[in-house]
Every structure is written in structure tokens, then in C-alpha cells.
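Trainee: Structure of the sequence below:
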Amino acid sequence: MSPSPSIIIAFSTLALFSILMVAGIYNTLVTLRNRFANAYAQIDVQLKRRYDLIPNLVETAKGYLTHERGTLEAVIAARNAAAAANTGAAAHPGDPSAMKQLASSEATLGGTLGRLFALSESYPDLKANTTMLQLMEELTSTENKVAFSRQAFNDAVMAYNTKREVFPSNVIAGMFSFTVAGLFAIEKPEERLAAKVSFA
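Mentor: Numbers count the residues shown, from 1 in each chain. Next comes the predicted model:
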């Protein structure tokens with residue numbers, strides 16, 4: 001005895017609905033993952049601009065801070081480490097370990113820049129140097145853009161993570177290996193303070 005047409009139609013409708021639901025959830029997860037990857041690309045642009053400004057800043061300060069070679073070298077070393085961490089994070093935006101490494105490197109860079117700026121306060125000629133003032137202004141602007149870009153990235157990551165954790169999306173996320181994305185967060189409270197980049 002063959003199944004009745006109404007049972008075949010019911011099962012076909014259920015199967016079609018299931019396929020469409022899985023496809024819809026999958027497409028939403030892909031869209032959200034691409035959204036946070038794009039948001040990281042905006043951070044990447046600003047960080048690269050910042051990394052390009054730092055050697056100019058150090059070069060300008062070098063003429064005035066002849067006895068502070070260690071501080072200048074520390075800034076360049078921290079800049080290079082942060083640039084390397086950014087390259088890793090840009091290759092895998094949202095990867096929790098890459099984002100943690102980037103946050104740590106950025107905190108170290110912020111600390112060394114803070115020491116450089118505090119030190120430069122003791123040199124009136126450096127404080128009055130127009131190139132230094134211009135670089136400081138550009139760096140301040142870039143720092144603000146990094147902060148806004150980081151907020152947009154974290155918002156996009158939060159939307160993606162929330163979608164992949166709720167039912168029934170979590171089932172689809174598990175089936176298709178949508179892994180958790182890491183926030184670009186600063187873990188230590190003292191690292192949350194932005195580097196002071198202006199002469200008062």
C-alpha cells in the first residue's frame with residue numbers, strides 16, 4: 001500500500017521548509033561573519049596608518065632625546081610587535097588567540113608611547129617642534145578612529161556570536177564549523193587608558 005498524496009505533500013513541505021531554514025540560518029551566519037571581517041578591515045587600515053606615523057614621530061624626537069635611546073628603541077620594538085600581531089589578526093579576524101595577541105601588543109605599544117610622551121614633556125624645544133605637533137595631532141585623530149573601528153568590530157562580533165549560540169542556529173553553526181569569534185578587548189583596566197598624545 002502506497003502512502004496517500006496528502007502524506008507525501010506534508011513530508012515534502014516539511015523537507016522543503018527544513019532545507020530553506022538551514023539555508024537561511026547558514027546564509028545569515030556567513031553574512032555576520034563577513035560583516036565582522038569587514039569591520040576588522042577598518043581597524044586594520046587605521047592601525048597601519050598609526051604604525052606608519054610612529055617611526056616619523058620617533059625620528060623627529062630622536063634629535064631632541066639623544067640620551068633617551070632606550071625609550072625610542074622600546075617604542076619601535078613595540079610598534080613592530082603590534083604590526084606583526086595586526087598582520088596575524090587581519091589574516092584571521094575574530095580568531096580569539098589572534099585578537100588576544102593583538103590586544104596585548106597594542107597595550108604594550110600604548111604604554112611605550114605613553115612613556116615617550118611623558119618624557120617629551122621635559123624637552124621644551126621638542127614640545128614646540130611643528131613637525132612633532134603635527135604628528136601628535138595625526139596620531140590623536142588615528143587613535144580616535146581606531147577606537148570607533150574597534151567598537152564597530154566588537155558590535156559585529158557580538159551579533160555573530162549571539163546568532164551562532166541561539167537555537168536552532170547553534171545546531172547549524174556546529175554542523176558547518178562556525179567557530180566563536182573573539183572580541184578586540186583590552187583585559188587589564190590600566191590598559192584601557194588611551195596613550196596621551198598631546199602636549200598640554
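Trainee: tell me how far stretch 17-33 is from the chain's mean position?
Mentor: When distances are taken as Cα atoms, centre = their mean, to the nearest Å, stretch 17-33 is centred 26 Å away from the chain's centroid.
Trainee: and what of stretch 115-124?
Mentor: The chain centroid and the centroid of stretch 115-124 are separated by 29 Å under Cα atoms, centre = their mean.
Trainee: for that stretch, how far is the first residue from the last?
Mentor: For stretch 115-124, the separation between the terminal residues is 16 Å (Cα to Cα, to the nearest Å).
Trainee: Would you mark the buried spots in it?
Mentor: For stretch 115-124, burial by neighbour count (16 or more other Cβ atoms under 10 Å) applies to 115-117, 119-120. From N, CA and C alone the C-beta is placed, and that goes for glycine too.
Trainee: Could you single out the nearest of those residues to Thr142?
Mentor: Closest approach to Thr142 among these (Cβ to Cβ): Phe117, at 14.5 Å.
Trainee: Now the element after the helix or strand encompassing the closest one, going C-ward?
Mentor: In this assignment (DSSP states H and E), Phe117 forms part of helix 96-120. Next in sequence after helix 96-120, counting helices and strands by DSSP H and E, comes helix 124-128.
Trainee: Report the next helix or strand after that following helix in sequence order.
Mentor: Toward the C-terminus, helix 124-128 is succeeded by helix 130-165 as the next helix or strand (DSSP H and E).
Trainee: what is the mean pLDDT for that next one?
Mentor: When pLDDT is averaged over helix 130-165, the result is 92.
Trainee: just checking, what packs against the lengthiest helix in the chain?
Mentor: In the chain, assigned by DSSP state H, the helix with the most residues is helix 5-62. Applying 3 or more Cβ pairs under 8 Å, 6 or more residues apart in numbering; DSSP states H and E, one finds that helix 5-62 contacts helix 69-91, helix 96-120, helix 130-165, helix 169-175.
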